[in-house]
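Colleague: just a sequence and a predicted model for now, questions to come.
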Amino acid sequence: MKTLEQEKDALLQGLEMVEKARHWYHQQLQQIQDQQRHRASSSIITDSEAYPSHTCLLWTKIQEVNQCLSCLISSSRKPDCPACQRVAKHGPVSSSPLARKSFHQQALNVLREQNQLLLKEVSEKSRLISQLEKEKAELYQRLCDPRTIPRQRHQESALI
């Protein structure tokens, strides 16, 4: 009876954590959707783009949690599930060589995409700076041009 009561308590705690996790997953999905909409309408770099290591670490942890949940669910049906044996022997899936290679490849792809976005943004900013420098030079030239000075004085006196 005591063992069953402890198992029941553990299951209730787990259910509470699953509900919190469900809420957290929904919040994360909403944030990602908001970022995607914002990225589509703007060239501004978001925090997750500026800090790819945090994003990659979060992605790894999510994969580990998903694998553990899968293992838990599978183990309740089949005591000798292969995924659970693999996790027990080698740790979560992300520590296997194949998963690490896949993770590193995905991280590399994310960094490449971010690099392309940054290059695009830098190019646009450089173009705008060049345009402003050209306008500044034209304004300076007009200001220093002796032919424009008498006209400006004449216009100023007409206003008074």
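Modeller: Right, received. Where do you want to start?
Colleague: elements contacting the strand or helix carrying Ala137?
Modeller: If you go by DSSP states H and E, Ala137 is part of helix 97-144. On a contact count with 3 or more CB pairs under 8 Å, 6 or more residues apart in numbering; DSSP states H and E, helix 97-144 meets helix 52-77. To be clear about C-beta, it is placed using only N, CA and C from the backbone, and glycine gets the same treatment.
Colleague: mean confidence for the helix it packs on?
Modeller: Averaging pLDDT along helix 52-77 yields 78.
Colleague: can you check stretch 17-36 too?
Modeller: 91.
Colleague: one more: stretch 127-138?
Modeller: Here the average pLDDT along stretch 127-138 is 94.
Colleague: check which residues of that stretch are buried.
Modeller: Of all the residues in stretch 127-138, not one is buried under the rule 16 or more other CB atoms under 10 Å.
Colleague: from the contact counts, what lies against the strand or helix carrying Gln30?
Modeller: Gln30 belongs to helix 2-41 when assigned by DSSP H and E. When contacts are defined as 3+ CB pairs under 8 Å, 6+ apart, helix 2-41 packs onto no helix or strand at all.
Colleague: so that helix versus helix 52-77, what angle?
Modeller: 140 degrees (axes from the mean of the first three to the mean of the last three CA atoms, to 10 degrees).
Colleague: distance check, Ala40 against Gln27.
Modeller: 21 Å (CB to CB, to the nearest Å).
Colleague: correction: the previous question concerned Asn109.
Modeller: For Asn109, the distance to Gln27 - CB to CB - is 25 Å.
Colleague: same check, this time on Leu117
Modeller: For Leu117 relative to Gln27 (CB to CB), the value is 24 Å.
Colleague: give me the more crowded residue out of those two.
Modeller: When neighbours are counted by other CB atoms under 10 Å, Leu117 comes out ahead of the other of Leu117 and Gln27, with 15 against 10.
Colleague: any idea how far Ser42 is from that one?
Modeller: 11 Å.
Colleague: ok, Trp24 next?
Modeller: Counting by CB to CB, the gap from Trp24 to Ser42 is 26 Å.
Colleague: same question, Leu4
Modeller: Distance from Leu4 to Ser42, by CB to CB: 56 Å.
Colleague: many thanks, we can stop here.
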